[in-house]
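Colleague: pasting the sequence and the predicted coordinates here, then a few questions.
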Amino acid sequence: MLGAAPAAAQAPVRQVLVLQSVDRGNSIVDEFTGGFRVELDQRTEEPVNVIQVVVGPTGFVGAPEQAIVDFIRSTFADRPKPDLIVTVSGPAAVFARQYRQQLFPDTPLLFAAVDERYLQSAPLREDETAVAVTNDFPELVDEILHLLPETRQVVMVMGSGSIGRFWHEELEGPFRRFDDRLTFVWSDELSFPELLLRVANLPDHSAIFYIIFGTDAAGAAYADQRVIADLHAAANAPLFAAHSVFFGGGVVGGRLISIDDLSRRTADVAIDILNGAPPLSGEVLRRSTSQPIFDWRELQRWGIPESRLPPGSEVHYRGPNLWSEYRGTVLLAAGVLASQALLIIGLLLERRGRRRAESDSRTNLVLAADTSRRETMSALTTSIAHELTQPLSSMMHNAQALQMLASANAATPDATREILSDIQTDGLRAAQIIERHRAMLRGHQLQERPVDLRAVVTESLALVAHDMRARQIETTVNLSSNPCVISGDPVLLQQVLVNLVVNAMDAMAETPPARRHITISSELDATAVHVSVRDAGPGLRVDMIDKLFTPFVTTKAKGLGIGLTIARRIVDAHRGLIAAGNHPEGGATFTVTLPRAEPRETSRGVPVSATASESSSA
């Protein structure tokens, strides 16, 4: 049959009596007793009942100590006596020793959070042990001087109760070694408002050292947390303390006594005693100061460099920084920025290479164009000689006629003027022919300016007119009546037109003379000028149309295959297009499309070197 276990088999409840020196509100005692109780609850197998009684100066205000003893005895009247008595701080230790025989003389006694100086003056007895602390306050003053070497005054904050008076008397002797460097101001004779006013108006090179408060000179009680917060808000000097419970609330830091470690070590000893181990009679377990810790916010506030901190110090409460708070985002952003930087560098290098390539291309274009022009002009040498022969012969005949008239005394003024005018006209014509061919032969860089394509067509036809007549080729020129103004280099554009016309003439080499005909037309629309050259030859092979402008591809037996390539590069340099195709009525048509010049360019005026009619024959 299942049922509850007998009461005798249940584990007994352990009773622990905790005697406190001060009531709630003292951060050190509150932190210690809270940590101690948690450690007992978590680490003991049997249930533990903790009874806390304040026996110090703030407990049972006005009541005699015997009344407190009677209260404790009545508390355990109907329950088992304590298995362990734990005192917290010095006044509770004194009370426990004084009244132990009246209370529970056979119960082990554990002194916790007691200063080792008390134990030196009153050595441990049988059934007594202790977890004492070393309150080396002069050492903390040394740390203040190390962090702030120019410090000249230290305000010692302590209450006006018995604990505050104890520490005032206890520290005056050890602090005499600072007489040549520091002046100490003791707060045990000040009310709390007076203390706040004092710390708000401290002279330069001052520091504040907080030990304990409790009650002020006016008898008012204050909790540590409020005192620390108000001091931190009002003080014009850095605030220091000796215990870890105040860290993070406004104190700079240092080798603080760790209350957590103290409560944990006290729980270790208490659990051993509850488990049957005898008290460590005559032995003191001391808890010295911990590793130095500092508040980054206070270091920044008072301008204390981290280089002055003791070796091995830990700095807490650092302000949020980009790396610690957003490491993943920073790495991602850095990766993106690095990628962008590499991309930008790549684009810049590509742009630089493209500009170099464009510069080289322009240079190669000029060199190739010069070569192509010279080859073209070399092929037109006969045309050049024929063109110059006519005006030169006319000039020679006019000069002979004038000489004959002069010899016969028949040269009238009117006849002389007429003959000289003819000679001048022929000389100008010859000079124009020479200059036209010199322009085609002269090497130069691409120079853009407003130019009328009708004039370019006219000049180009003049260069090949003799060759056309020799090949028995007729030409029809249909040019727009409106100016066909583009921004370009007239010499290079003449080269394109001459190349297209010469190619058209070569294409009709096998065409009967009666059908040899070239038609040159210009059309104008809103954005571009279109100039086309159409021949009456056999047309282009379909498989060659897409390859005509490829270097070294030619349909001529003796051609090099660079003429159309140069023509296309020249047109590209003018931001235009050149296309080839077969005309529906026969023959091939090459069309050059160039963008019209902006109005601000045409307003400067366009040089026109020849008059173009809408329809004429050459």
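Modeller: Done, it's in. Residues are numbered from 1 along each chain as shown.
Colleague: from A200, how far out is N236?
Modeller: Distance of N236 to A200, computed by CB to CB, to the nearest Å: 6 Å. Every residue, glycine included, has its C-beta placed from N, CA and C.
Colleague: I misspoke; the intended subject was Q300.
Modeller: 21 Å.
Colleague: using the three-state scheme, assign I419.
Modeller: Using DSSP: H, G, I helix; E, B strand; the rest coil, the structure places I419 in helix.
Colleague: now it. Nearest residue, chain neighbours left out?
Modeller: Spatial nearest neighbour of I419, excluding adjacent residues (CB to CB, 6 or more residues apart in numbering): L402 at 4.6 Å.
Colleague: let me see the mean pLDDT of the host helix or strand of the one you found.
Modeller: Secondary structure from DSSP states H and E places L402 in helix 381-407. Throughout helix 381-407, pLDDT has a mean value of 69.
Colleague: again, but for stretch 137-150
Modeller: Mean pLDDT, computed over stretch 137-150, is 92.
Colleague: how far away is the spatially closest residue to Q472 that is not a sequence neighbour from L202?
Modeller: Spatial nearest neighbour of Q472, chain neighbours left out: P513 (4.3 Å); criterion: CB to CB, 6+ apart. Counting by CB to CB, the gap from P513 to L202 is 120 Å.
Colleague: those two: who's more crowded?
Modeller: Neighbour comparison, P513 and L202: the larger count goes to L202, with 16 against 10 (by other CB atoms under 10 Å).
Colleague: thought the more buried one was touching A237?
Modeller: Yes - with contacts counted by CB atoms under 8 Å, L202 reaches A237, the gap being 4.8 Å.
Colleague: identify the contacts common to those two.
Modeller: By CB atoms under 8 Å, 6 or more residues apart in numbering, L202 and A237 have these common neighbours: V155, I208.
Colleague: ok, S487 - contacts?
Modeller: By CB under 8 Å, 6+ apart, the contact set of S487 is E448, R449, P450, V451, H574, P595, A597, E598, E601.
Colleague: wait, I212
Modeller: Residues in contact with I212 (CB under 8 Å, 6+ apart) are N26, I28, M158, G159, I163, G164, W167, D224.
Colleague: can you give the domain ranges for this protein?
Modeller: Segmentation of the chain into domains, based on automatic domain parsing, reads 12-133, 137-253+290-319, 447-618.
Colleague: to L342, which of those domains lies closest?
Modeller: Closest to L342 of those is domain 447-618 (CB to CB; 31.7 Å).
Colleague: let me see the mean pLDDT of the closest one.
Modeller: Averaging pLDDT along domain 447-618 yields 80.
Colleague: how about stretch 86-94?
Modeller: Mean pLDDT, stretch 86-94: 88.
Colleague: cool, and stretch 308-328?
Modeller: Across stretch 308-328, pLDDT averages out at 79.
Colleague: and that stretch, how far from the chain's centre?
Modeller: Distance of stretch 308-328 from its chain centroid, counting by CA atoms, centre = their mean, to the nearest Å, is 22 Å.
Colleague: what about that stretch, how long is it end to end?
Modeller: Chord length of stretch 308-328, first to last residue, is 33 Å (CA to CA, to the nearest Å).
Colleague: assign V529 to helix, strand or coil.
Modeller: Assigned by three-state DSSP, the conformation of V529 is strand.
Colleague: of the contacts of I212, which belong to strands?
Modeller: Counting by DSSP state E, the contacts of I212 place M158 in strands.
Colleague: hang on, S521 is in a helix, isn't it?
Modeller: No - with three-state DSSP as the criterion, S521 is located in strand rather than a helix.
Colleague: quick check: closest non-adjacent residue to it.
Modeller: Distances taken as CB to CB, 6+ apart place N478 nearest to S521, at 4.3 Å, with adjacent residues excluded.
Colleague: who's that neighbour bridged to?
Modeller: Beta bridges link N478 to S521, S615, judged by DSSP bridges.
Colleague: count of residues packed around N582?
Modeller: Neighbours of N582 under the rule other CB under 10 Å: 15.
Colleague: what is it paired to in the beta sheet?
Modeller: A588.
Colleague: what distance do you get for it to V185?
Modeller: Separation of N582 from V185 (CB to CB): 111 Å.
Colleague: repeat that for E418.
Modeller: Distance from E418 to V185, by CB to CB: 129 Å.
Colleague: D115 now?
Modeller: D115 is 23 Å from V185, by CB to CB.
Colleague: same deal with A277?
Modeller: Using CB to CB, A277 is found at 47 Å from V185.
Colleague: okay, those two: which has more neighbours?
Modeller: Remark: of A277 and V185, V185 carries more neighbours, 16 against 12, as counted by other CB under 10 Å.
Colleague: what secondary structure does the more buried one sit in?
Modeller: Secondary structure for V185, judged by three-state DSSP, is strand.
Colleague: with adjacent residues omitted, what lies nearest to it?
Modeller: Counting by CB to CB, 6+ apart, the nearest residue to V185 once its immediate chain neighbours are dropped is V155, at 4.7 Å.
Colleague: which residues does that neighbour bridge with?
Modeller: Going by DSSP bridges, V155 forms beta bridges with V185, I208.
Colleague: about what we covered before: want to throw the contacts of I212 into JSON lines with distance to I566 and neighbour count?
Modeller: Formatted as JSON lines, those follow (distance: CB to CB, whole Å; neighbours: other CB atoms under 10 Å):
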{"residue": "N26", "distance to I566": "100", "neighbour count": "27"}
{"residue": "I28", "distance to I566": "97", "neighbour count": "24"}
{"residue": "M158", "distance to I566": "102", "neighbour count": "21"}
{"residue": "G159", "distance to I566": "104", "neighbour count": "26"}
{"residue": "I163", "distance to I566": "106", "neighbour count": "25"}
{"residue": "G164", "distance to I566": "105", "neighbour count": "24"}
{"residue": "W167", "distance to I566": "104", "neighbour count": "20"}
{"residue": "D224", "distance to I566": "96", "neighbour count": "25"}
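Colleague: hmm, which of the contacts of I212 is lowest in pLDDT?
Modeller: Scoring those by pLDDT puts I163 last, at 77.
Colleague: how much space between that one and Q340?
Modeller: Distance of I163 to Q340, given as CB to CB: 65 Å.
Colleague: how about Y222?
Modeller: Per CB to CB, Y222 is found 59 Å from Q340.
Colleague: residue ranges of the strands in the stretch 451-600 of the chain, please?
Modeller: Along the stretch 451-600 of the chain, the stretches classed as strands by DSSP state E, counting those that start in this stretch are 474-478, 485-488, 517-524, 528-534, 577-582, 588-595.
Colleague: show me the contacts for V185.
Modeller: By CB under 8 Å, 6+ apart, V185 lies in contact with Q153, V154, V155, M156, R198.
Colleague: hang on, I meant V94
Modeller: Going by CB under 8 Å, 6+ apart, V94 touches Y118.
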